[in-house]
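Student: Next one to model:
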Amino acid sequence: MSDFTLYPAIDLRQGRVVRLQQGRADAETTYGEDAMEVAREFEAQGAEWLHVVNLDGAFGDASENLSVLSTICGVIDIPVEFGGGLRSANDVRRALDLGAARVILGTVALRKPELVRELASKHADKIAVGIDARNGMVAVEGWVETSETSAEELARRMMDAGVRRFIYTDIARDGMMVGPDLDGATKLAQGGAGVIASGGVGTLEHVTSAATASGVEGLIVGKALYEGRFTVREALEAVKGTRT
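Tutor: Modelled structure (predicted):
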């Protein structure tokens, strides 16, 4: 694997592949009914990882998306990171048991830091924390609620708890294809953790900028792929071009 990883995203809502705009449940576009077909196509184009989000879980709703996760993990050979609604040790264990190679914790990082410490101690590199920011402040509960904690402060707390990887999203950019907040991602990386940037990717230039940003180890891409702005294969070629 390269030292920079592109993560094609599959966001699940009631089993369907969708994308939201700025995380809003009322701004949803459906891109397909067959998540397995999408996952296989991303793998066929050379993806080394897959990013899967259970949007129903993030919004606190029950869904069949865990069974979809299990099926996706069964039909592809590349590792899957999975997040959305993981609020307990049992949730994390179940996701890992179903085949996820890495789980992403969100709201619990702010609400239950001791749980994160316990999980990081037990599962080490299989744990990442998603830091989703609105105007620099952490948003939780499916991005519905904005806290009074800054992204940098939450990152410091989580590093102290043993977390070594963050997924950073600027909510205002999510789904807007105006480019990810690489300055924000780089700031989080200064503490020594690996940071995966997310939100706002719309062009191959955004991909290459992320690939050359200090401390950014990966980039999550969703809407740009589904809208046909570029393919996974083209993005990987662009990343390779930054390494020559």
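Student: any weak-confidence spans in this protein?
Tutor: 1-2, 23, 61-63 (pLDDT under 70).
Student: run the last query once more with 80
Tutor: Filtered on pLDDT under 80, the chain yields the residue ranges 1-2, 21-28, 58-64, 142-143, 244.
Student: quick one: the strands in it?
Tutor: For the chain, the strands defined by DSSP state E cover 5-13, 16-21, 24-32, 50-54, 80-83, 102-105, 127-134, 137-140, 145-150, 165-170, 194-198, 216-221.
Student: Compare those strands and report which one is nearest to residue 243.
Tutor: strand 5-13 (12.7 Å; Cβ to Cβ). Every residue, glycine included, has its C-beta placed from N, CA and C.
Student: ok, that closest one: who's next to it in the sheet?
Tutor: strand 16-21 (antiparallel), strand 50-54 (parallel), strand 216-221 (parallel) (DSSP bridges).
Student: For the first one, which outside residues touch it?
Tutor: Strand 16-21 is contacted from outside by 10-12, 27-35, 38, 55, 174-176, 222-223, 226, using Cβ atoms under 8 Å, 6 or more residues apart in numbering.
Student: Now that strand - C-alpha only, CSV.
Tutor: Extracted C-alpha coordinates of strand 16-21, given in CSV (Å, rounded to 0.1, in the frame of the first residue of the first chain):
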residue,chain,number,x,y,z
ARG,A,16,-29.5,2.4,-0.1
VAL,A,17,-26.3,4.1,-1.2
VAL,A,18,-26.9,7.9,-0.7
ARG,A,19,-25.1,11.1,-0.2
LEU,A,20,-26.2,14.0,2.0
GLN,A,21,-25.4,17.7,1.6
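Student: before we move on, the earlier item: with distance to residue 122 and mean neighbour count added, can I get the strands paired with strand 5-13 in CSV?
Tutor: Listed next are those as CSV, based on distance: least, Cβ to Cβ, whole Å; neighbours: other Cβ atoms under 10 Å:
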stretch, distance to residue 122, mean neighbour count
strand 16-21, 31, 20
strand 50-54, 21, 25
strand 216-221, 23, 24
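Student: Just put those in a markdown table and tack on distance to residue 91.
Tutor: Formatted as a markdown table, the strands paired with strand 5-13 follow (distance: least, Cβ to Cβ, whole Å):
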| stretch | distance to residue 91 |
| --- | --- |
| strand 16-21 | 21 |
| strand 50-54 | 10 |
| strand 216-221 | 21 |
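Student: Residue 175: what's its closest spatial neighbour, skipping adjacent residues?
Tutor: Computed as Cβ to Cβ, 6 or more residues apart in numbering, the closest residue to residue 175 that is not its neighbour in sequence is residue 21, at 4.0 Å.
Student: thinking residue 91 is in contact with residue 83, fair?
Tutor: No. Residue 91 is beyond contact range of residue 83, at 10.5 Å (criterion: Cβ atoms under 8 Å).
Student: These two - which one has more neighbours?
Tutor: Taking neighbours as other Cβ atoms under 10 Å, residue 91 and residue 83 compare with residue 83 leading, 22 against 18.
Student: now that one: how far from residue 211?
Tutor: Applying Cβ to Cβ, to the nearest Å, the value for residue 83 to residue 211 is 23 Å.
Student: show me the contacts for residue 22.
Tutor: 171, 172, 174, 175, 176 are the contacts of residue 22 under Cβ under 8 Å, 6+ apart.
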